[in-house]
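> I'd like to go over a predicted model; first the sequence, then the structure.
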Amino acid sequence: MSEAAFMKALREFQKEPDNKRCADCKERGPQYLCLNFNTFVCTTCSGVHREFNFRVKGISMSTFTGPEVEAIVKHGGNAKARRPRSIRTPSARRYVGSMASPRAGPDVVDQRHQRSFG
């Protein structure tokens, strides 16, 4: 598969209703992907994710590998990120309870991730 095909698959996946808004603050038109959670996030929330050393890529500014696109499309997306699951990694445990989005208010991002991981 070519890079153009990867981007087409990613753009199509981004068109799903849940992926049209930031996974954390619900701003419209997120332009970044947090690869740790395979979620679409806005500029502000991407910065917060980076503060926690999570891997974030700009959709239009980056290149994606086949395995990255496959993981995002098959196992990712904002809807799947909201499903409850357990926390297994130390970095995710530190993240829950400490992340805050300035636009969403201090508790919105924290509550979302507690539901997702708790």
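Now that the structure is in, tell me what you want to look at. Numbers count the residues shown, from 1 in each chain.
> Helices along this structure, start to end?
3-14, 43-51, 66-75, 78-81, 90-95, 108-117 (DSSP state H).
> Who does the residue most central in space within the chain form a beta bridge with?
The structure's the chain has its C-alpha centroid closest to residue 39; by C-alpha atoms, centre = their mean the separation is 2.2 Å. Beta bridges link residue 39 to residue 34 when assigned by DSSP bridges.
> shouldn't it be in contact with residue 21?
No: counting by C-beta atoms under 8 Å, residue 39 stays clear of residue 21, with 10.6 Å between them. C-beta coordinates here come from the backbone N, C-alpha and C atoms, glycine included.
> what do these two both touch?
By C-beta atoms under 8 Å, 6 or more residues apart in numbering, residue 39 and residue 21 have these common neighbours: residue 78.
> count of neighbours near residue 59?
15 (other C-beta atoms under 10 Å).
> Let me see the contact set for it.
Residue 59 touches 10, 11, 14, 31, 32, 33, counting by C-beta under 8 Å, 6+ apart.
> what about the nearest residue to residue 16 once chain neighbours are set aside, how many neighbours?
Spatially, and ignoring its direct neighbours in sequence, residue 16 is nearest to residue 77 (6.5 Å; C-beta to C-beta, 6 or more residues apart in numbering). By the criterion of other C-beta under 10 Å, residue 77 has 20 neighbours.
> Could you do residue 62 as well?
13.
> Likewise for the one 4 residues further on?
Here the neighbour count serves as a burial measure; for residue 66 (other C-beta under 10 Å) it reads 13.
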